[in-house]
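**Q** sharing a model prediction with you, sequence too.
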Amino acid sequence: MKYSKENFLIENVRAEEIAKKFGTPCYCYSFNKLKDNINKFKKNFSSINPLICFAVKSNTNSKLLNEIKKFGLGADVVSVGELMKALKAGISSKKIVFSGVGKTSEEIKYAISKDILLINTESQSEIFEIERIAKSLKKKVNIGIRLNPNTDAKTLSQISTGKKENKFGVDEKKLIDLVAYVKSSRNLGLKCLSVHIGSQILNHKPYEKMLKVLDRVIKKCDHNFDYIDLGGGMGIDYEGVNKKLNLKKYAQAIQKFVKKYNSKIIFEPGRSIIGNTAVLLSKVIYIKKNSQKDFIILDAAMNDLMRPALYGAKHRILPIKKLKQKANKSYEFVGPICESTDKFLNVNNFQKLNEKDFVIICDVGAYGMSLSSNYNMRPKAPEILIQGSKFKVINKRQKLKDLI
Ligand code: LLP
């Protein structure tokens, strides 16, 4: 995605052409960016030969899941809905792991009936419930146990998951007790030790710490885990300043770690696979000047892209046409929803915008559409997949009449 002369291009297609043809707000994905991300991910970790389970919560579009499947990836799911979507996209049940702190009995039964690779458990009660169901079905169910390593991921507190005050996983001591219990169960197979310390991680050091804790715990468990599931969390460069996680260092640390054990590594990346593959096209409805600043009121809102309102996340905003003029305007980009948190970004040095101009909100592929809602009775935006000079609708704009 780049400018060619003044036009913003997604692969070979002008973003403006898409905005005019399909209206705004509109999600646009680049197929080749997705392909590159997957290939780079595989290459970075080639020495480890992991099973890569795409975190479906980051993007649930069926067509995209199907493309991801074609590259050989499995899926990490957190609900029966995501599990159904992954299966419908053709992902083999033998490449699906089921995570989450609150799986219901119905969800567990469904997962067992589909014979998925692993149910990654997060509490004693959940383990008892799976055992009870497995027994009643006269089955042996393969599970993992998620460790809470009490490691600070050094990311936004709202997306940290690996500290003891977080609801995720079980602590070291509990884990060791649970391992002993599961090993003695006739209806449970203890296959995996899992961990996930948070999301949008840009520093490899928390991962190194996490691996040290895992090392210590595995020794204490005295069990041969077939799988070690390291979760996802690899951050991306939202600011466009080349701030990147050092994947090489992370890969080296894993290599050192895994050498000691005969386990297969599982990853559950979401954002690092899909985050930078998409932009959200939006139109300026009004420009409202007040004494302090100019508000650019967009037709995209927090229901279309929740991350800024929910986490204070910043997504770069670019003009759809880059003009040869001084970029010296200070703008606050907001949505039309009746909430003060419905704002995207404050920008200085933006080129002058006019009402009805289009803009591009960057890096919205992960937790963009999947977190969208119908708040304020707003229909969900369409999704368009672009490959070379071709484009196709992979999810239609919701119709107002279907909402009413
Ligand atoms: N595995 C587990 C168990 C997870 O909880 C998550 C994300 C992932 C994998 C994928 O993490 P990723 O590679 O995408 O960082 N809505 C937030 C992010 C929440 C992430 C929740 N769990 C956001 O928009 O930043």
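**A** Good, I have the coordinates.

**Q** where do the strands sit along the stretch 1-150 of the chain?
**A** 2-4, 7-10, 13-14, 26-30, 51-55, 74-77, 96-98, 118-121, 141-146 (DSSP state E, counting those that start in this stretch).

**Q** please name every helix or strand in contact with the second one.
**A** Right, strand 7-10. strand 2-4, helix 15-22 (3 or more CB pairs under 8 Å, 6 or more residues apart in numbering; DSSP states H and E). (Each C-beta comes from the backbone N, C-alpha and C, glycine too.)

**Q** list the buried ones in it?
**A** 8-10 (16 or more other CB atoms under 10 Å).

**Q** near the ligand, which residues of the chain? Just list them.
**A** Contact residues (CB under 6 Å from any ligand atom) of the chain with the ligand: 55, 58, 76, 99, 159, 161, 196, 199-200, 231-234, 268-272, 307, 311, 366-367.

**Q** pairing partners for the helix or strand encompassing residue 190, with directions?
**A** Per DSSP states H and E: residue 190 is located in strand 188-194. Here strand 188-194 is paired, per DSSP bridges, with strand 141-146 (parallel), strand 227-229 (parallel).

**Q** what about residue 103, distance to residue 119?
**A** 7 Å (CB to CB, to the nearest Å).

**Q** so what sits against both of the two?
**A** Shared contacts of residue 103 and residue 119, defined by CB atoms under 8 Å, 6 or more residues apart in numbering, comprise residue 111.

**Q** in a helix, residue 276, correct?
**A** Yes - counting by DSSP: H, G, I helix; E, B strand; the rest coil, residue 276 is found in a helix.

**Q** for the ligand, what's the nearest residue on the stretch 1-150 of the chain?
**A** residue 55 (3.5 Å; CB to the nearest ligand atom).

**Q** count the neighbours of that residue for me.
**A** For residue 55, the neighbour count with other CB atoms under 10 Å is 29.

**Q** run through the bridge partners of it.
**A** Those that pair with residue 55 in a beta bridge, by DSSP bridges, are residue 76.

**Q** how about the contacts made by it?
**A** 75-76, 232, 268-271.

**Q** need those in CSV (columns: distance to residue 17 and secondary structure).
**A** Supplementary listing: these in CSV, determined by distance: CB to CB, whole Å; DSSP: H, G, I helix; E, B strand; the rest coil:
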residue, distance to residue 17, secondary structure
75, 33, strand
76, 35, strand
232, 34, coil
268, 36, coil
269, 32, coil
270, 29, coil
271, 28, helix
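
**Q** who wins for most neighbours among those residues?
**A** residue 76 (32 neighbours).

**Q** surely that one touches residue 91?
**A** No - judged on CB atoms under 8 Å, residue 76 makes no contact with residue 91 at a distance of 10.5 Å.

**Q** surely residue 71 touches residue 37?
**A** No - assessed by CB under 8 Å, residue 71 is found out of contact with residue 37, at 9.8 Å.

**Q** out of these two, which sits in the more crowded spot?
**A** residue 37 (23 against 16).

**Q** quick one: contacts of the following helix or strand past the strand holding residue 190?
**A** Using DSSP H and E, the helix or strand that directly follows strand 188-194 along the chain is helix 204-221. Helix 204-221 is contacted by residues 147, 149-154, 162, 172, 175-176, 179, 193, 195, 197-198, 201, 225, 228, 230, 245-247, 249-250, 253-254, 257, 260-261 when judged by CB under 8 Å, 6+ apart.
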